[in-house]
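Visitor: sequence unknown, structure follows:
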């Protein structure tokens with residue numbers, strides 16, 4: 001079935017699931033290579049290389065970066081979903097959304113801006129939302145020359 005150990009490991013990671021239960025509250029960032037289901041409260045950013053599911057009792061205050069996501073709970077922060085984002089009827093989003101595709105059920109609430117379409121760096125969630133060191137681009141500046149006093153032509157000869 002698998003030709004080498006890397007294929008097996010990739011399959012194992014994509015099929016792994018993590019659950020944060022209703023009684024759990026986490027203050028800090030959460031990162032995973034696999035799927036993530038949240039029913040509890042997260043104060044921090046979430047980064048998943050696979051699918052994120054926020055259940056009806058989920059409350060997230062922070063940025064969410066995922067390959068795909070189903071939202072039933074509350075998010076106060078930016079959602080960046082490379083593939084399909086589904087906002088279920090009980091979803092409450094207060095923040096901006098960037099996604100490849102969006103499905104929004106009747107009753108879902110959304111307060112923010114939405115940008116849909118292809119990402120600039122598709123498949124690169126590893127750096128999404130992480131502080132990047134700006135690259136200084138070489139620019140050519142035209143020197144500003146102050147105006148000179150020119151002799152005005154006289155009207156008389």
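Guide: Yep, that arrived. All values derive from a computational prediction rather than experimental measurement.

Visitor: what about this structure, any weak spots by pLDDT?
Guide: 1-15, 120-157 (pLDDT under 70).

Visitor: do that again at 80, thanks
Guide: 1-16, 118-157 (pLDDT under 80).

Visitor: where exactly do the helices run in it?
Guide: Assigned by DSSP state H, the helices in the chain fall at 5-15.

Visitor: Look up the residues forming beta bridges with the closest residue in space to residue 102 that isn't next to it in sequence.
Guide: Distances taken as C-beta to C-beta, 6 or more residues apart in numbering put residue 85 closest to residue 102, at 5.2 Å, once the chain neighbours are dropped. C-betas here are computed from N, CA, C, even on glycine. Beta-bridge partners for residue 85, by DSSP bridges, are residue 69, residue 102.

Visitor: and what of residue 26?
Guide: residue 42.

Visitor: what's around it, how many residues?
Guide: 15 (other C-beta atoms under 10 Å).

Visitor: Enumerate every residue touching it.
Guide: Going by C-beta atoms under 8 Å, 6 or more residues apart in numbering, residue 26 touches 20, 40, 41, 42, 43, 44.

Visitor: Same check on residue 22?
Guide: Counted by C-beta under 8 Å, 6+ apart, residue 22 has contacts 39, 40, 55, 57.

Visitor: Kindly report the same for residue 66.
Guide: Residue 66 neighbours (C-beta under 8 Å, 6+ apart): 36, 46, 47, 48, 50, 51, 52, 80, 81, 82, 125.

Visitor: Any chance of CSV for these, columns distance to residue 89?
Guide: As requested, those are exported to CSV (distance: C-beta to C-beta, whole Å):
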residue, distance to residue 89
36, 21
46, 22
47, 26
48, 23
50, 24
51, 19
52, 18
80, 22
81, 18
82, 24
125, 27
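
Visitor: and these, which are buried?
Guide: Buried by 16 or more other C-beta atoms under 10 Å: 36, 46, 47, 48, 50, 51, 52, 80, 81, 82, 125, out of the contacts of residue 66.

Visitor: Just the ones in strands from those residues, please.
Guide: Using DSSP state E, the subset of the buried ones among the contacts of residue 66 located in strands is 36, 46, 47, 48, 51, 52, 80, 81, 82.

Visitor: I am finished for the moment; much appreciated.
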